[in-house]
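Novice: below are the sequence and a predicted model; questions follow.
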Amino acid sequence: MKSFAYVSARDVPTAVSAIAGSPNAKFLGGGTNLVDLMRGNIEQPDTIVDITRLPLTGVDLLPDGGVRIGALVRNSHLAAHPLIRSRYPVLSQAILLGASAQLRNMATVGGNLLQRTRCLYFYDTAAACNKRAPGSGCDAIGGFNRNHAILGVSDNCLATHPSDMCVALAMLDATVEVESTRGVRRIPMNEFHVLPGDTPHVETSLAADELVTAVELPSVAVAANSRYRKVRDRASYAFALVSVAAALEVTGTTVTQVRLALGGVSAKPWRATKAEEVLLGAPATEESFRQAAAAELAAATARPGNEFKIGLAERTIVAVLRELVTKGDAA
Amino acid sequence: MTALQQRTGSVGTPVDRVDGVAKTTGTARFSAEHTYPGLTYAAVVHATISRGRITAIDTTRAADIAGVIKVITPENAPPLKPAPRVSMLNMSSIVSGTSVNYLQDNEVHWDGQPVAVVVAETSEAAKEAAALVDVTYRTTESSVDFVTARLQAQVQKGNPLLPAGAKKGDAAAALAGAAVSVDAEYTTPPYNHNALEPHSTTAAWDGDRLTVHDATQSIGWFRTHLALRFGIPEANVRVIAPYVGGGFGGKAFVWPGTVLAALAARATGRPVRLTLTREGVYRTVGGRTPSIQRVALGATQDGKLTALIHQSVARVGRTGGMPEQITTQSRHLYAAENILLEQRAVEQDVLPTTSMRAPGESIGTFALESAIDELADVLGIDPIDLRMHNEPDRDPVDGKPFAHRMLREAYAEGARRFGWSARSPQPRSMNDGRWLVGMGVASAFHPLMLFTSNVTVRLSADGTVLVRCGFQEMGMGGATVQGQIAADALGVPFDAVRVEYGDSALPSAPMAGGSMQTASVANSILEACAKIRASLESLAKRSGAVGQAPKAVLAKAGVPHVEAAVGSDTRLGKVTGQMRMMRQVMRDRRYLRAATGAHFCEVRVDQDTGELRVSRWTSVFDVGRVINPKTAGSQLRGGIIMGIGMALAEETLFDPRTGRIMNPSLAEYHLPVHADIPAIDVSWLGDPDPTMPLGLLGLGEVGITGVAAAVANAVHHATGRRVRDLPITLDKLVP
């Protein structure tokens, strides 16, 4: 780990001033990802601005029925919150399927948004990586690709976004509130993370001097019948090979509302809008689910080692929707 | 059993471990926790090429970091003598992990080899500086991809203790003429060691005397090795390791960290602590060889084996390594009329492979026991029935008698406990909702040797007993069971016995490996205790205390203590000890001695995603007499868990283009987590082996053998899919 300066901020204005004009400074929340990356010399900030004392820890009901979540709410706290468990079960499930209990106790909502990829080549400073060292190349191409992306892939980067929480937020159309010395900005969740293209080191639309202060969830009635399914290599404590966040409303035998997002398949939480289009108004049958999944995955591309993800994603989408139909019936 | 043993009866009871309180309260000090005045910290710089030469090392940036004391490179490293050539006449010569003479030249032999060491006032400064050492290389063409190198594999040479092949009859002809046959290739990936405690060494010089706190399974051989490398008398080296946080074979051999810590301490004149990072363990401590195995079986229609062929390819490093005895179990498990066993190995430019829990049988049983299951499936015979139909009366290849063999009883008891009769024979015929359910079995097998050990035992007038022996305790419960054995042998309560271990200043013991430590040390303790009992008897006669307790005898005789020694660490004692061991080894070759067992596994496979869960486990072992059910159960369960790791998840990813390990961390190298492990029902038959001290058979390794096959067999039963390539990840099962 490289030596760094440490600053502790007590309020948001101090925090954002501390980082303004210091392009190589980083905010420290739970530290569950950043500190690991610093130990591996992948992140090498000059300055750390500790924001853990900022008053951004509320989970509050909004007048319009939505919920505002402070950026420093710990993952475990959010997952256990009654508002989240009752109105957005998908979010609670997604968080609880991530990391371990100890990590969830430390990790913050803001930090979870900014998790970095688990690509083996990103983590190895001896390997070429366009994300870690822009322009150096991508040793993942031609290497181990089992965990890599199949949607929105570029020739410069195969990495996936590792968060579970973000997949649920993408499905829920959350909004991310950010602040800098220039003011406050609201970014729709589905525009917060960006695809790699020619600049895989740019992972979000957040500017270097902006602080995530809150995440807002709109009121989403259909989310009461929602589910997060994570498919991975161990029963616990592993990143998703494929994950599915879904919410479904069936009236009679017809799909009247549906939301679907995928994790483990792209550099961003993947909102499955094509599948949603196919499903909306379609009969709630296994056949429709398969067609919808196939429509979403039609654009998928694979490398040797991650071909299985395409079929796995399709089958997991079908399995989750099938389960929501059954669950919806029971309710 | 003597009257004395009956009186205390410690053997066979689940005594709590003597080191349990110290470990759970954090007072036990491991190798990285010994401090010295002026202690410094070292960090290793690893090569990033698999073969070639260092052309330049620039240490300027590293040296500029505050707190850095010295950057040691091949340009300024103190001299080190080369590792000894391996010779069976000098057993300690096998303890070199690699033959590389670290920091003595510019050659690079594997990706990850240490090329420099930074010593600093703090661990943080050392690590920061290590990342700033700039090394340039000239690379040479290397061989790193195991799959493509298999054709270059050479036939492994065996030795009298570890035969590397066997031939009985004409197996190829018998296979060709068999009514029913299976013939398939099985593959297992490389595995890395992941003991809870990373390898750590604290080294301090006092003139030409060296003290080393090291996480080692092999105190005595480490001492010999270090004395040789630094050109000092063995008596000048002390290796101390009372607590070792897991070994599994990964701490049996001397890896670079141990030597470099002592070298760095010599170079700086300061005590040095070198604790490997987890990545450092992956890059500098050998792992298990990958394997490609062919098993071909021929049988009659009613399931009598006529041919058994098992051929394996393993790898070693160009600078050393362990190819494993992959076909060993195939020599002993089945009464086939014709048997052909062949082991090959290929040398590659990778970190030398090393021993890992049940080297050979862990991966060898995966292939053999999967193939037996495949044959049972083709024949339409229950897999247990097929095994029992071919259970031999004598060792199949050379006809030696078995010292002890109760595999039939193990299967019968296991089937009862597990509920095998509820299994419907057809694959893909059982389910629980969306989960496909399957049940599988496999045999466990691990051959056992007995070494010799030096020991002293002292019985004092206050009734206490002191056992002194330089054996190793990596968490197995060795100190506890040896105390139980001594207590019973002298007729004193368990609490009256103190066992000193883990220090090369104590009477020397063999390395902890091959499941031989407990029996080897117990043998000598029993002998020493018998001597003490004889002394007590004559004292009792002389002082008129016949029939009285030991304490009373000593009081009456006015003697402070009686002490007995077995073996000696003098020059003459060593020669005599070597001869004693050779005699014992030759004597033991008259029969086949092994621990065996029967594993029963139930799995669930998700029909949508291929996710695999092990849902139930039962194993019944024949491990002779069990000294302590608590520590024994823990050892056997631990082996099974490690085997489930092999079956489900573990795999070291060597990039085939570069030979570099790409998942050197616990985040990306998947060990099973708690949620992957069901309740494990282990039991043992308890019948003593007549050829072993107290009838005990070592049980550190047998647990892992057969496990991966039991899982693969259950997966086949659940899904109809036969996975012959470990680990059984969901991509191999997703429809």
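Specialist: Now that the structure is in, tell me what you want to look at.
Novice: get me the contact residues on the stretch 351-500 of chain B for chain A.
Specialist: Residues of the stretch 351-500 of chain B found near chain A (Cβ under 8 Å from any Cβ of the partner chain) are B:R434. C-beta coordinates here come from the backbone N, C-alpha and C atoms, glycine included.
Novice: for chain A, give me its nearest residue in the stretch 351-500 of chain B.
Specialist: Using Cβ to the nearest Cβ, the single residue of the stretch 351-500 of chain B nearest to chain A is B:R434, 7.7 Å away.
Novice: ok, and the closest non-adjacent residue to that residue?
Specialist: Once flanking residues are discounted, B:R434 sits nearest to B:Q607: 5.2 Å by Cβ to Cβ, 6 or more residues apart in numbering or on different chains.
Novice: got the phi and psi for the one you found?
Specialist: The phi/psi pair for B:Q607 (degrees, to the nearest 10) reads phi -70, psi -30.
Novice: identify the residues contacting it.
Specialist: B:Q607 makes contacts with B:R434, B:W435, B:L436, B:P735, as judged by Cβ atoms under 8 Å, 6 or more residues apart in numbering or on different chains.
Novice: same deal with B:L341?
Specialist: B:G165, B:A166, B:K167, B:I309, B:H310, B:Q311, B:T327, B:S330, B:R331.
Novice: do B:P690 as well
Specialist: B:P690 neighbours (Cβ under 8 Å, 6+ apart): B:A403, B:H404.
Novice: for it, give its distance to B:A530.
Specialist: 18 Å (Cβ to Cβ, to the nearest Å).
Novice: just give me the neighbour total for the residue of the stretch 351-500 of chain B closest to chain A.
Specialist: B:R434 has 14 neighbouring residues, counting by other Cβ atoms under 10 Å in any protein chain shown.
Novice: grab the nearest non-local neighbour of B:N106.
Specialist: Nearest residue to B:N106 in three dimensions, chain neighbours excluded: B:I54, at 4.1 Å (Cβ to Cβ, 6+ apart).
Novice: kindly report the same for B:V566.
Specialist: Of all residues not flanking B:V566 in the chain, B:S524 sits nearest, at 4.2 Å (Cβ to Cβ, 6+ apart).
Novice: tell me the residue furthest from the middle of the chain?
Specialist: You didn't say which chain, so I picked chain A. A:G252 (33.2 Å; Cα atoms, centre = their mean).
Novice: right idea, wrong chain: chain B
Specialist: In chain B, the residue most distant from the centre (Cα atoms, centre = their mean) is B:G544, at 50.4 Å.
Novice: returning to what we had before: top of the contacts of B:Q607 by number of neighbours, please.
Specialist: Busiest of the contacts of B:Q607 [other Cβ under 10 Å] is B:L436, holding 25 neighbours.
Novice: I'd assumed that residue was in a strand, is it?
Specialist: Yes: read with DSSP: H, G, I helix; E, B strand; the rest coil, B:L436 is one of the residues of a strand.
Novice: which residues does it bridge with?
Specialist: B:N431, B:V605 (DSSP bridges).
Novice: near chain B, which residues of chain A are found?
Specialist: So far as Cβ under 8 Å from any Cβ goes, chain A lies against chain B at A:1-3, A:41, A:118, A:120-121, A:123-127, A:142-144, A:146, A:231, A:233-238, A:241-242, A:308, A:311-312, A:315-316, A:318-319.
Novice: buried members of the residues you listed into ChimeraX, please.
Specialist: Buried members of the residues of chain A next to chain B, defined by 16 or more other Cβ atoms under 10 Å in any protein chain shown, are picked up in ChimeraX with:
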select /A:41,118,120,121,123,124,127,143,144,146,231,233,234,235,237,238,241,242,308,311,312,315,316,318,319
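Novice: out of the residues of chain A next to chain B, which sit inside helices?
Specialist: If you go by DSSP state H, the residues of chain A next to chain B have A:F308, A:G311, A:L312, A:R315, A:T316, A:V318, A:A319 in helices.
Novice: you'd agree the third one is up against A:V231?
Specialist: Yep, that's A:L312 we're talking about. Yes: contact criterion Cβ atoms under 8 Å: A:L312 and A:V231 qualify, at 6.4 Å.
Novice: any shared contact partners between these two?
Specialist: With Cβ under 8 Å, 6+ apart, A:L312 and A:V231 have common neighbours A:L241, A:V242, B:T609, B:L730.
Novice: check contacts around the nearest residue to the last one once chain neighbours are set aside.
Specialist: Translated: B:L730. Spatial nearest neighbour of B:L730, excluding adjacent residues (Cβ to Cβ, 6+ apart): B:G610 at 3.8 Å. Applying Cβ under 8 Å, 6+ apart, we find B:G610 in contact with A:L312, B:L730, B:D731, B:K732, B:L733, B:V734, B:P735.
Novice: follow-up on the earlier one: and which of the shared contacts of A:L312 and A:V231 is nearest A:N105?
Specialist: A:L241 (25.3 Å; Cβ to Cβ).
Novice: could you give the number of residues near the residue in the stretch 101-250 of chain B positioned nearest to chain A?
Specialist: Across the stretch 101-250 of chain B, no residue is closer to chain A than B:A131, which sits at 5.0 Å (Cβ to the nearest Cβ). Neighbour count for B:A131, taken as other Cβ under 10 Å: 18.
Novice: isn't it up against A:N41?
Specialist: Yes: counting by Cβ under 8 Å, B:A131 touches A:N41, with 5.0 Å between them.
Novice: common neighbours of those two, please.
Specialist: A:K2, A:T125.
Novice: quick one: mean pLDDT for stretch A:206-217?
Specialist: In this model, stretch A:206-217 has a mean pLDDT of 97.
Novice: end to end, how far does it reach?
Specialist: 19 Å (Cα to Cα, to the nearest Å).
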